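*Asks:* I need the structure of the sequence given here:
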Amino acid sequence: MSTSVITVQIKENSSHNLIIQQPISGLSLRGSIRVPGDKSISHRALMLGAIAQGETQIQGLLLGEDPRSTAQCFQAMGAEISELNTELVHVKGIGLGNLQEPSNVLDAGNSGTTLRLMLGLLASHSERFFCVTGDNSLRSRPMSRVVNPLQQMGAQIWGRKGSSLAPLAVQGQSLKPIHYHSPIASAQVKSCILLAGLTVEGKTTVTEPALSRDHSERMLRAFGANLVSDPETNSVTVTGPAYLVGQKVIVPGDISSAAFWLVAGSIVPDSELVIENVGINPTRTGVLEALTMMGADIQQENQREVAGEPVADLRVRSSRLHSCTIAGAIIPRLIDEIPILAVAAVFAQGTTIIRDAEELRVKESDRIAVMAQQLNQMGAQVRELPDGMEIIGGTPLTGTDVDSHTDHRIAMSLAIAALNASGTTTIHRAEAASVSYPEFNTTLQHICK
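*Replies:* Here you go, the predicted model:
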């Protein structure tokens, strides 16, 4: 059987393009793979390790650009962090409340998680001044969702457009506890407030309209914080001041990265993949439920628990997908996977509706607009909705030039779509994938048969 041509070209202008050419005899995907460490858990392990007493050891850390931004920011504030690798990273913490005033501006790069979560810690460090920024994309993303509740706690934060955009300047203060009713279900908002509450005398509570991912709660408890969750009201309370102690953290594979292979294995004929060691935290498994609704053949094998997080191997086989509606309470549990679910919908019979996902408008790109534009360019039938997409499945795709808009999830989603497109697809600015999945292209080449 012919092997597909999947190469990375580096042009003279230093732009990185991924070229995927469908072989005449067809393509199948087979093999066992491991995806990078969970990005959300990697961020939190570095942050909590930096502010805990003693040493934290991290195995399986994601080596993408976003966690590197987190490590660099906390190193600039006094934490000792060894060279990042997947085997073992040592973090020598400096203790809660002891972050040092940096000599320069903190740069979060492209990482909204780094910036938003870090703001909660910076705001609570009294008598210290911090300035934080990011790349062009991050400087356009809304920060008022965390700045407003922090200001309610007594934080002093200044920035562009009414302190809603980075760069942001923070004058640390002694904060007061609040009960914040978040208008959106967002783990970043919730985590920011909980981190701010670690140093506050009393109870700080966050209530959400729906349950968002709970990695912060799990890890904060493991490090010694006093947290109480109320699943009936989607509330969590931290009682401060806390005392955090360094831990050993084993980072499972990122289900958001696994989602690309789950869809690829579902839509490419005669395929079977096993994705090993994937985190299946219930607040993150919306993508598994959505694909199951669409008729995907996915099995969870070797289920176990690693460092407080549920883990399994995921086996996916090609199947005939059908349309469904993805909306409501499931959205916060699969918000990052919607771009690749849109690709699945393109190859499903019927019309798939995605709603209640307006949060996608303010990610690394406007993921609703960009996915609709790029998939339609390949011949799909995708209609933008204010808060989602309407996707008429079953239309064959044709390879063409598409663009990631420097968004890592867009780049990888388009690559998976190209596997089922006739002809040659060129994905411009495909290097964006390195934000969360530096080995994506290598893995793609490995499983193509």
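
*Asks:* Please count neighbours and contacts with C-alpha atoms only from this point.
*Replies:* OK.

*Asks:* okay, how far is it across stretch 420-432, tip to tip?
*Replies:* In stretch 420-432, first residue to last residue: 21 Å (C-alpha to C-alpha, to the nearest Å).

*Asks:* model confidence over that stretch, on average?
*Replies:* For stretch 420-432, the mean pLDDT works out to 93.

*Asks:* Equivalent analysis for stretch 67-83, please.
*Replies:* Stretch 67-83 comes out at a mean pLDDT of 97.

*Asks:* how far is it from where the chain is centred?
*Replies:* How far stretch 67-83 lies from its chain's middle: 19 Å, per C-alpha atoms, centre = their mean, to the nearest Å.

*Asks:* Between its first and last residues, how far does it reach?
*Replies:* 12 Å.

*Asks:* in what helix or strand does Tyr180 lie?
*Replies:* In this assignment (DSSP states H and E), Tyr180 forms part of strand 179-181.

*Asks:* Quickly run through the sheet partners of that strand, with directions.
*Replies:* Strand 179-181 has these partner strands in its sheet, going by DSSP bridges: strand 202-207 (parallel).

*Asks:* neighbouring contacts of the partner strand?
*Replies:* Contacts to strand 202-207, defined as C-alpha atoms under 8 Å, 6 or more residues apart in numbering, come from residues 177-182, 190, 193-194, 197, 233-241.

*Asks:* how distant is it from the center of its chain?
*Replies:* The answer for strand 202-207 is 25 Å, by C-alpha atoms, centre = their mean.

*Asks:* Go through that strand and flag the buried ones.
*Replies:* For strand 202-207, the neighbour count (16 or more other C-alpha atoms under 10 Å) marks 202-207 as buried.

*Asks:* can you put those in a markdown table and add distance to Ile330 and pLDDT?
*Replies:* As requested, those are exported to a markdown table (distance: C-alpha to C-alpha, whole Å; pLDDT from 0 to 100):
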| residue | distance to Ile330 | pLDDT |
| --- | --- | --- |
| Gly202 | 32 | 97 |
| Lys203 | 29 | 98 |
| Thr204 | 26 | 98 |
| Thr205 | 23 | 98 |
| Val206 | 19 | 98 |
| Thr207 | 17 | 98 |
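
*Asks:* Turn these into CSV, columns for distance to Ser257.
*Replies:* Formatted as CSV, those follow (distance: C-alpha to C-alpha, whole Å):
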residue, distance to Ser257
Gly202, 38
Lys203, 35
Thr204, 33
Thr205, 31
Val206, 28
Thr207, 28
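
*Asks:* Keep only those of the contacts of strand 202-207 that are in helices.
*Replies:* The helices, defined by DSSP state H, take in 190, 193-194, 197 from the contacts of strand 202-207.

*Asks:* where in the stretch 151-300 of the chain is pLDDT low?
*Replies:* Within the stretch 151-300 of the chain, no stretch has pLDDT under 70.

*Asks:* which residues in the stretch 201-350 of the chain form strands?
*Replies:* 202-207, 226-230, 235-240, 248-250, 272-279, 297-306, 309-317, 325-326 (DSSP state E, counting those that start in this stretch).

*Asks:* is Ile354 in a bridge, and if so with what?
*Replies:* Here Ile354, judged by DSSP bridges, has bridge partners Ile326, Met389.

*Asks:* distance of it from Ser126?
*Replies:* From Ile354 to Ser126 the distance is 44 Å (C-alpha to C-alpha).

*Asks:* These two: which has the busier surroundings?
*Replies:* Legend: neighbour count by other C-alpha atoms under 10 Å for Ile354 and Ser126, higher for Ile354 (24 against 15).

*Asks:* sorry, back to before: would a markdown table of the strands of the stretch 201-350 of the chain with distance to Leu168 be doable?
*Replies:* Formatted as a markdown table, the strands of the stretch 201-350 of the chain follow (distance: least, C-alpha to C-alpha, whole Å):
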| stretch | distance to Leu168 |
| --- | --- |
| strand 202-207 | 23 |
| strand 226-230 | 29 |
| strand 235-240 | 26 |
| strand 248-250 | 31 |
| strand 272-279 | 34 |
| strand 297-306 | 37 |
| strand 309-317 | 34 |
| strand 325-326 | 36 |
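
*Asks:* need the helices for this structure, in chain order.
*Replies:* Per DSSP H, the chain carries helices over the ranges 39-51, 65-76, 112-123, 144-152, 160-163, 187-197, 215-223, 255-267, 286-293, 338-346, 367-377, 408-419, 440-447.

*Asks:* so the fourth one versus helix 187-197, what angle?
*Replies:* So that's helix 144-152. With axes from the mean of the first three to the mean of the last three C-alpha atoms, to 10 degrees defining the directions, helix 144-152 sits at 20 degrees from helix 187-197.

*Asks:* what comes up buried for helix 144-152?
*Replies:* 144-147, 149-150.

*Asks:* Which other helices and strands does it contact?
*Replies:* Judged by 3 or more C-alpha pairs under 8 Å, 6 or more residues apart in numbering; DSSP states H and E, the packing partners of helix 144-152 are helix 112-123, helix 187-197.

*Asks:* Centre of the chain to stretch 228-244, how far?
*Replies:* The answer for stretch 228-244 is 23 Å, by C-alpha atoms, centre = their mean.

*Asks:* Just the endpoints, please. Distance across it?
*Replies:* End-to-end distance (C-alpha to C-alpha), stretch 228-244: 16 Å.

*Asks:* quick one on the thing from earlier: ok, so of the ones in helices among the contacts of strand 202-207, who is nearest Cys131?
*Replies:* Nearest to Cys131 among the ones in helices among the contacts of strand 202-207, counting by C-alpha to C-alpha, is Ile193 at 18.7 Å.

*Asks:* Next one: the residue nearest to the closest one when sequence neighbours are not counted from Val382, what distance?
*Replies:* Leaving aside its sequence neighbours, Ile193 sits nearest to Gly120 (C-alpha to C-alpha, 6 or more residues apart in numbering; 5.9 Å). In this view, Gly120 and Val382 are 39 Å apart by C-alpha to C-alpha.

*Asks:* What of His408?
*Replies:* Distance, His408 to Val382, using C-alpha to C-alpha: 20 Å.

*Asks:* Give me the domain ranges for this structure.
*Replies:* 5-36+252-447, 39-250 (automatic domain parsing).

*Asks:* on that earlier part again, same drill for His408 and Val382, tell me which one is more crowded.
*Replies:* Neighbours around His408 and Val382, counted as other C-alpha under 10 Å, are more numerous at Val382. The numbers are 26 against 21.

*Asks:* thinking again about what came up before, could the helices of the chain go into JSON lines alongside distance to Thr426?
*Replies:* As requested, the helices of the chain are exported to JSON lines (distance: least, C-alpha to C-alpha, whole Å):
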{"stretch": "helix 39-51", "distance to Thr426": "27"}
{"stretch": "helix 65-76", "distance to Thr426": "23"}
{"stretch": "helix 112-123", "distance to Thr426": "28"}
{"stretch": "helix 144-152", "distance to Thr426": "37"}
{"stretch": "helix 160-163", "distance to Thr426": "37"}
{"stretch": "helix 187-197", "distance to Thr426": "34"}
{"stretch": "helix 215-223", "distance to Thr426": "36"}
{"stretch": "helix 255-267", "distance to Thr426": "18"}
{"stretch": "helix 286-293", "distance to Thr426": "27"}
{"stretch": "helix 338-346", "distance to Thr426": "17"}
{"stretch": "helix 367-377", "distance to Thr426": "12"}
{"stretch": "helix 408-419", "distance to Thr426": "9"}
{"stretch": "helix 440-447", "distance to Thr426": "13"}
